[in-house]
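[1] Turn this into a structure:
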Amino acid sequence: MNTHIPVMLPEVCGILGKAQNLRFVVDATLGLGGYSEGVLLKWRKAVVLGIDQDPQAIEAAKRKLMDFGDRFRAVHGNFRDLSPILEKTGMGKPDAVLFDLGVSSIQIETPERGFSFQEDGPLDMRMDSQSERQERAGDIINTAGMRDLITLFRKYGEDPYAAQIARGIVRYRESSGPIKSTSELVQVIRNTLPAPVQRKMGRNPARKVFQALRIAVNDELEALADALNQCESLASGAMMVIVVSYHSLEDRIVKRKFRKWDALGRGNDLYRKPFVPGAEELKENWRSRSAKLRAFSFLEKAPEVTDQ
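    Down below sits the predicted model:
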């Protein structure tokens, strides 16, 4: 397994440094604990609550951060339930909430999870591998009609070849039966798109389809919107919200929300243009190439609304 490298960690810590007396940080996408470790090392009196849907990630992070003792706590859950989780833990209002919306290394590098289009595995893609009620990627690929697949690939994958790929998948299902693995799906897509189109795409032609399926399986965009709404409700005083996103759909939600809060006088959208990884980081961590970092600082006190 490759070493986990948290994306733009120095920049994230630099933003957190703007907070006065940082004591309690929520790492809403704990993963392997890279950001949590960075916070705990830099702020010796800070406490971190890590939240993650993935039981494997939580166990790995607990092992990594065990030396921090009771300064670190991990909870199995979805960040769309941020407020109920905080209420249940009784840890109070955070000074900062951090989101890294990428797929974690442990998920990408475990073929059995079905996230990677470069490895053979089942068409799963559930962030919470223990959830039996949740639809899997294979359920969508093998049961959705052509129109639904086209809509899915366009909406969540922003794939210009959505219609061609959807037709190829449906034809394959009709002639050969269900698509059972990630490698089989990749091959169906490769066989569907002409070679000149694949050369024009540059990277793996299945990349955007896999993104669309992952977003749909985990309801990622709605979960993000829910979590940001809860951040606004939690911010009765000064609070930082920091988000690292990896595609335009996520970034658009974050950008619009931050600008809305700014316009309402709730605080400051700290950077109109997001941070992106520098050349040195890209050399060390190619997975950071599409990352964008945005941050919002809520005011100490929300502006009062007066009757006109």
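
[2] and the residue most central in space within the chain, how far is that from Pro84?
    Against the mean C-alpha coordinate of the chain, by CA atoms, centre = their mean, the closest residue is Leu101 at 1.9 Å. As judged by CB to CB, to the nearest Å, Leu101 and Pro84 stand 20 Å apart. Any C-beta I mention is one placed from the backbone N, CA and C, and that applies to glycine too.

[3] my guess is the residue nearest to the centre of the chain meets Ala223, correct?
    No - with contact defined as CB atoms under 8 Å, Leu101 does not reach Ala223; the gap is 9.7 Å.

[4] Common neighbours of these two, please.
    Both Leu101 and Ala223 lack any common contact, where contact means CB atoms under 8 Å, 6 or more residues apart in numbering.

[5] For the residue nearest to the centre of the chain, give me its contacts.
    Per CB under 8 Å, 6+ apart, neighbours of Leu101: Thr29, Glu220, Leu224, Val243, Val244, Ser245, Tyr246, Glu250.

[6] Just those: which are in strands?
    Val243, Val244, Ser245 (DSSP state E).

[7] need those residues in a markdown table with distance to Ile108, can you?
    Formatted as a markdown table, those follow (distance: CB to CB, whole Å):
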| residue | distance to Ile108 |
| --- | --- |
| Val243 | 20 |
| Val244 | 16 |
| Ser245 | 17 |
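
[8] Phi and psi next, for the residue nearest to the centre of the chain.
    When read as degrees, to the nearest 10, the backbone of Leu101 gives phi -90, psi 10.

[9] How about Glu280?
    In terms of degrees, to the nearest 10, the main-chain angles of Glu280 are phi -70, psi -40.

[10] State the number of residues packed around it.
    Residues lying near Glu280 (other CB atoms under 10 Å) number 8.

[11] Tell me the pLDDT of it.
    Looking at Glu280, its pLDDT reads 92.

[12] any chance you could map the strands in the chain?
    Using DSSP E, the strands of the chain run over residues 24-27, 47-52, 72-76, 96-100, 239-245, 267-269, 292-298.

[13] can you list the ones you listed in CSV and add mean pLDDT, mean neighbour count and distance to Tyr161?
    Shown next, in CSV, are those (pLDDT from 0 to 100; neighbours: other CB atoms under 10 Å; distance: least, CB to CB, whole Å):
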stretch, mean pLDDT, mean neighbour count, distance to Tyr161
strand 24-27, 98, 26, 37
strand 47-52, 98, 24, 33
strand 72-76, 97, 19, 38
strand 96-100, 98, 26, 29
strand 239-245, 97, 26, 24
strand 267-269, 96, 19, 35
strand 292-298, 97, 23, 25
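
[14] Give me the neighbour count for the closest residue to Ile5 other than its chain neighbours.
    Closest residue in space to Ile5, ignoring its immediate chain neighbours: Asn285 at 4.4 Å, by CB to CB, 6 or more residues apart in numbering. Per other CB under 10 Å, the neighbour tally for Asn285 reads 18.

[15] Gly114 too?
    27.

[16] same check, this time on Ser83
    The number of residues packed near Ser83 is 15, by other CB under 10 Å.

[17] So it versus Arg256, what's the distance?
    21 Å.

[18] try Asn21
    To Arg256, Asn21 is 30 Å away according to CB to CB.

[19] Likewise for Glu132?
    Distance of Glu132 to Arg256, given as CB to CB: 35 Å.
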